[in-house]
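What follows is a predicted protein model with its sequence.
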Amino acid sequence: NAGVTQTPKFRVLKTGQSMTLLCAQDMNHEYMYWYRQDPGMGLRLIHYSVGEGTTAKGEVPDGYNVSRLKKQNFLLGLESAAPSQTSVYFCASSEDWSSYNSPLHFGNGTRLTVT
Amino acid sequence: AQTVTQSQPEMSVQEAETVTLSCTYDTSENNYYLFWYKQPPSRQMILVIRQEAYKQQNATENRFSVNFQKAAKSFSLKISDSQLGDTAMYFCAFISGGGADGLTFGKGTHLIIQP
């Protein structure tokens, strides 16, 4: 049981390049989330999904797109990377919308640097 | 929008001491859930403790306990008999009972346990 797997673990992009971060979970969770973590800022929600085929914007969605074509996968795309998107990205999933009865499971993060 | 405030960017205590991390939040909801997460240098996000707003009794998990003051919108974390392995970033998080739009995190407190 792998839990939540994020790929890649590290990536360096040049300004203007595009890339996709993959999040895969094998727990059959309905709810999936993408957060970014910046020093002194905590974790901020980028986009989330409440089920297969659904996505919604979080607190900081600009410059990102997401897709949830399959229940187990939640993809985060950067169409034209900017230095302000340098961050550590975390994917998380939960069986429970509140994450109270079924705790949030986090991936190990992707460190992205945009030069 | 809900906000979560952690007013202590960094704290340092001696091993075996007791330390309290503060967290306040702002919401107009009556039903909600509160969490404390730990992030050690490994970057892994670990759930420490959780509290449902409807429950009067403060949550306790071994050496970790909370002081939940609903009227004051305060949710502090107490760590007793602190250990070197408690050194980590600690994040307070909140989700309202009204929706599945993900946890809102505070900016974190860096806790250092000195030998």
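Nice, thanks for sending it over.

ok, now which ones touch residue 76?
No chain was given, so I picked chain A. A:20-21, A:23, A:34, A:46-47, A:64-66, A:89, A:91 (CB atoms under 8 Å, 6 or more residues apart in numbering or on different chains). (Each C-beta comes from the backbone N, C-alpha and C, glycine too.)

meant chain B actually
B:20-23, B:66-67.

Next up, identify which helix or strand it is on.
Taking DSSP states H and E as the definition, residue B:76 sits inside strand B:74-79.

if we can go back for a sec, neighbour-wise, which of the contacts of residue B:76 leads?
residue B:23 (27 neighbours; other CB atoms under 10 Å in any protein chain shown).

Leaving out the residues flanking it, which one is nearest to that one?
residue B:92 (3.4 Å; CB to CB, 6 or more residues apart in numbering or on different chains).

In strands, which of the contacts of residue B:76 appear?
B:20-21, B:66-67 (DSSP state E).

residues near residue B:102, how many?
Using other CB under 10 Å: residue B:102 sits among 29 other residues.

Quick check: the gap between it and residue B:74.
22 Å (CB to CB, to the nearest Å).

Pull up the residues of chain A that are close to chain B.
A:31, A:33, A:35, A:40-45, A:48, A:50, A:56, A:58-59, A:88, A:90, A:92, A:97-100, A:103-104, A:106, A:108-109 (CB under 8 Å from any CB of the partner chain).

For ChimeraX, write the selection for the buried entries among those residues.
A single ChimeraX command is used to select the members of these judged buried by 16 or more other CB atoms under 10 Å in any protein chain shown:
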select /A:31,33,35,42,43,44,45,48,50,58,59,88,90,92,97,98,99,100,103,104,106,108,109
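
hmm, back to that, pipe the ones in strands among the contacts of residue B:76 into TSV and attach pLDDT and distance to residue A:83 per row.
Listed next are those as TSV, based on pLDDT from 0 to 100; distance: CB to CB, whole Å:
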residue	pLDDT	distance to residue A:83
B:20	98	38
B:21	98	32
B:66	98	39
B:67	97	41
